[in-house]
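Novice: prediction below, plus the sequence it came from.
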Amino acid sequence: MKYLLLFMLTCSVYLAPAQIAFNTGSVQLDSDLKTINSRANLDLSLFNKEMHVSYNVSEKKLNYMSVSLGMIPGEIYISLEIAKIARVSLDRVLTVYRSHKSKGWGVIAKELGVKPGSAAFHQLKHNASSKKGKGSGKKHNHKKKAGRR
């Protein structure tokens, strides 16, 4: 019985990230958000610093989003992107999130004026694709070595 319980617990740890559903209406955007989320979880402090600098959002607000609203890093990222692209306040995005979170980010984005197929939605997808390729939560040294070619 103990082994079965241990096996189930181990499986749930590995399967939990696969069960994240952003429901944006775009398979690629959902995938990019999962990647962003996974990489952010490697170093939440670095992720929060990046969000603070990139979106000029206070650490207090990021903490509120994470702790009080229970948002995961991928949701924090997309909420900040939607606020920027839709030119609405982050508080407006969070209000819509609270009332429509069960319907997914596609509905939230649409409610805020980022409609599927629109230039704003394509910008959202492009930005997420660019973001997922940046960083992994680990610091790398990319300095070129001096010497002959």
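Specialist: Now that the structure is in, tell me what you want to look at.
Novice: which residues touch the helix or strand harbouring residue 100?
Specialist: According to DSSP states H and E, residue 100 maps onto helix 90-100. By Cβ atoms under 8 Å, 6 or more residues apart in numbering, the residues outside helix 90-100 that reach it are 55, 57, 61, 65, 69, 71, 75, 79-80, 82-83, 86, 107-108, 111-112. In this view, the C-beta of every residue, glycine as well, is placed from N, C-alpha and C.
Novice: can you say which of the residues you listed are buried?
Specialist: Burial by neighbour count, 16 or more other Cβ atoms under 10 Å: within the contacts of helix 90-100 this picks out 55, 57, 61, 65, 71, 75, 79-80, 82-83, 86, 107-108, 111-112.
Novice: mean confidence for the helix holding residue 100?
Specialist: Taken as a whole, helix 90-100 has a mean pLDDT of 97.
Novice: so what's residue 131 up against?
Specialist: The contact partners of residue 131, taken as Cβ under 8 Å, 6+ apart, are 32, 36, 77.
Novice: which residues does the first one contact?
Specialist: Residues counted as contacts of residue 32 (Cβ under 8 Å, 6+ apart) are 125, 128, 129, 131, 132.
Novice: how much space between it and residue 67?
Specialist: 25 Å (Cβ to Cβ, to the nearest Å).
Novice: mind checking the SS state of the residue nearest to residue 72 when sequence neighbours are not counted?
Specialist: Nearest-residue entry for residue 72: residue 37, 5.6 Å, with adjacent residues in sequence omitted and distances by Cβ to Cβ, 6 or more residues apart in numbering. State at residue 37, reduced to three classes by DSSP: H, G, I helix; E, B strand; the rest coil: helix.
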